[in-house]
Each structure stands twice: as structure tokens, then as C-alpha cells.
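Enquirer: Have a look; sequence and predicted model below, questions after that.
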Amino acid sequence: MVRRALVRARARGGEKRAGRPTCAEIVAELESLANPANVAGMARYGINPENTLGVSIPRLRAMAKEIGRDHALALELWASGVHEARILAGLVDDPAEVAAAQLERWVKDFDSWDVCDGVCGNLFDRTPFAWEKAAAWSARSQEFVKRAGFVLMAALAVHDKKAPDGRFRNFLPLIEREAADERNFVKKAVNWALRQIGKRNRALNRDAIAAAKRIRKIDSRSARWIAADALRELESAAVRERLNKR
């Protein structure tokens with residue numbers, strides 16, 4: 001649990017914008033909602049407990065809705081270092097005001113899968129840099145940077161409705177390349193990207209299944225798990241039926 005004095009010190013100094021709460025006020029509210037039991041439960045699911053308060057995602061989403069888009073505030077919330085404040089930063093930041101340099105700064109700070117997934121799926125994938133960063137980060141060695149690359153692939157498959165199939169096909173060799181990474185947070189993101197691409201339409205479903213079958217032949221426990229899990233879903237009757245209706 002983050003100590004009260006530490007939270008106040010990190011949040012100090014934000015200027016109040018008309019009609020908007022300051023970073024200090026928001027972090028103080030987060031602190032008032034702190035739940036150590038939740039933090040312990042989150043840790044059991046692989047969420048980093050450091051600087052974590054245990055505030056629920058529904059509560060953070062409600063706060064984000066009340067705050068609205070605010071790029072400057074998002075930068076302050078991120079700089080606070082508080083786990084929930086960083087998730088909130090990804091919810092309130094304005095994708096139109098996010099620069100490529102910000103993506104690189106923030107991705108280096110990722111130290112927990114929920115912050116990584118939340119920021120990538122709520123903010124980064126809506127920026128013009130998402131496709132480039134997905135490919136670039138997938139080749140990086142740092143665990144959560146690499147995860148971020150594949151989370152972006154998965155998020156783009158869901159959110160970018162107008163993207164041509166070719167852009168997703170270009171991701172498949174990257175998925176195959178990293179399928180042997182045995183790190184839990186990486187392999188699950190690789191699997192997620194493969195499954196989401198394969199659920200986009202019938203053509204990509206065929207391509208993703210073919211990629212999964214190639215991955216299955218790799219001499220790696222991680223690769224075999226990724227392939228088996230992806231094939232189980234992508235070849236299921238439920239997915240086939242849903243894609244046939246599109």
C-alpha cells in the first residue's frame with residue numbers, strides 16, 4: 001500500500017484547470033478508496049502491488065467519465081507513479097494530443113500487465129503510432145514492452161474497423177517469431193494477438209489458423225500452448241458461426 005505522505009508528495013504541484021480536479025485532488029480521492037485486501041488479491045493475479053491502492057477498474061472508469069479528456073492532467077497522473085493513477089491517465093488522455101515520444105516514455109514505465117493492457121487498449125491503439133509501435137515493441141527484449149506490442153495488435157484487431165487485412169497479416173510472422181518466449185506475460189499476449197486477428201473475419205481466420213499450426217511445430221512449450229489455445233477457439237463452431245454471419 002502506498003503511504004499517505006508519499007502519495008501527497010508525488011501528487012503535489014498540479015495546477016487546477018477550470019472546472020477540473022487537480023492531480024493532487026484525484027490522487028487524494030484514490031487514496032481515500034484504498035483497499036489493502038484488494039491489493040493482496042490483485043497480487044495473486046500477477047498485478048504488481050507496488051504503489052497500488054486496490055481501487056477497482058469500474059470505479060476508475062467512472063472517475064474518467066466524470067473528468068473527461070485532459071492531456072495535461074493525464075501526464076501529471078502518470079508522473080505520480082501511483083498504479084491506479086496511471087490506469088486513469090490512459091483513460092483520460094486525448095489520443096489526438098499524444099506524441100510518439102510519450103508512447104516510448106510510458107511503455108518503459110510499464111511494470112504490471114493491467115497498466116500495460118489498459119493503456120494500450122484505451123489510449124495507445126487510438127494514436128497514429130499504434131501500428132508502428134506494435135511491430136517495433138514486439139521485437140524488444142523487455143517483458144512488458146514486448147507484451148505491449150502484442151496487446152496493441154490485439155486491440156487494433158478489435159478497434160480499427162477500417163484497417164485492411166494485409167496490415168494484420170503482416171503481424172502474423174511477428175507472432176510466429178516470438179511464440180517461443182516462455183515468459184508468462186509475453187506468451188499470453190502473443191496468444192491474444194493471434195486469436196483476435198483470427199476472429200476479425202473469415203479470411204484472417206484461415207490465415208491465423210495456418211499460423212497457429214506452424215507455431216505448433218516449434219520446439220517450445222510456450223509455442224505449443226499458444227497454438228493449442230488459439231486453435232481451440234479459432235476452429236470452434238461458435239467462432240465459425242459468428243464469422244459466417246458477417
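Expert: That came through fine.

Enquirer: residues in contact with the residue lying closest to R147 once chain neighbours are set aside?
Expert: Computed as CB to CB, 6 or more residues apart in numbering, the closest residue to R147 that is not its neighbour in sequence is A189, at 4.4 Å. The way it works is simple: take the backbone N, C-alpha and C, and place the C-beta from them, glycine included. Neighbour list for A189: 146-147, 149-151, 154 [criterion: CB atoms under 8 Å, 6 or more residues apart in numbering].

Enquirer: what about A189, is that helix, strand or coil?
Expert: helix (DSSP: H, G, I helix; E, B strand; the rest coil).

Enquirer: Okay, and E241 sits in which element?
Expert: Here E241, judged by DSSP states H and E, is contained in helix 237-244.

Enquirer: quick one: E176 from V107, how far?
Expert: Using CB to CB, to the nearest Å, one gets 23 Å for the distance from E176 to V107.

Enquirer: Of these two, give the one with the bigger neighbour count.
Expert: V107 (24 against 19; other CB atoms under 10 Å).

Enquirer: circling back to that earlier point, centre of the chain to the helix holding E241, how far?
Expert: Per CA atoms, centre = their mean, to the nearest Å, the displacement of helix 237-244 from the mean C-alpha position of its chain is 26 Å.

Enquirer: Could I get the buried residue list for that helix?
Expert: Neighbour counts over helix 237-244 (16 or more other CB atoms under 10 Å) mark 239, 243 as buried.

Enquirer: Give the rounded mean pLDDT of it.
Expert: What helix 237-244 shows for mean pLDDT is 96.

Enquirer: Go ahead and name everything in contact with it.
Expert: By CB under 8 Å, 6+ apart, the list of residues contacting helix 237-244 from outside reads 198-199, 201-202, 205, 233.

Enquirer: Just give me the residue closest to the centre of this protein.
Expert: In the chain, the centroid-proximal residue (CA atoms, centre = their mean) is D117; its distance is 1.6 Å.

Enquirer: Can you name every helix or strand that the strand or helix carrying that residue contacts?
Expert: If you go by DSSP H and E, D117 is part of helix 113-122. On a contact count with 3 or more CB pairs under 8 Å, 6 or more residues apart in numbering; DSSP states H and E, helix 113-122 meets helix 83-92, helix 143-159.

Enquirer: and the first one with helix 113-122, angle?
Expert: This points to helix 83-92. Helix 83-92 runs at 10 degrees relative to helix 113-122, counting by axes from the mean of the first three to the mean of the last three CA atoms, to 10 degrees.

Enquirer: Now do helix 83-92: everything it contacts.
Expert: 11, 23, 26-27, 30, 48, 50-53, 55, 57, 60-61, 63-64, 67-70, 73-75, 77-78, 80, 109, 112, 114-115, 118-119, 122-124.
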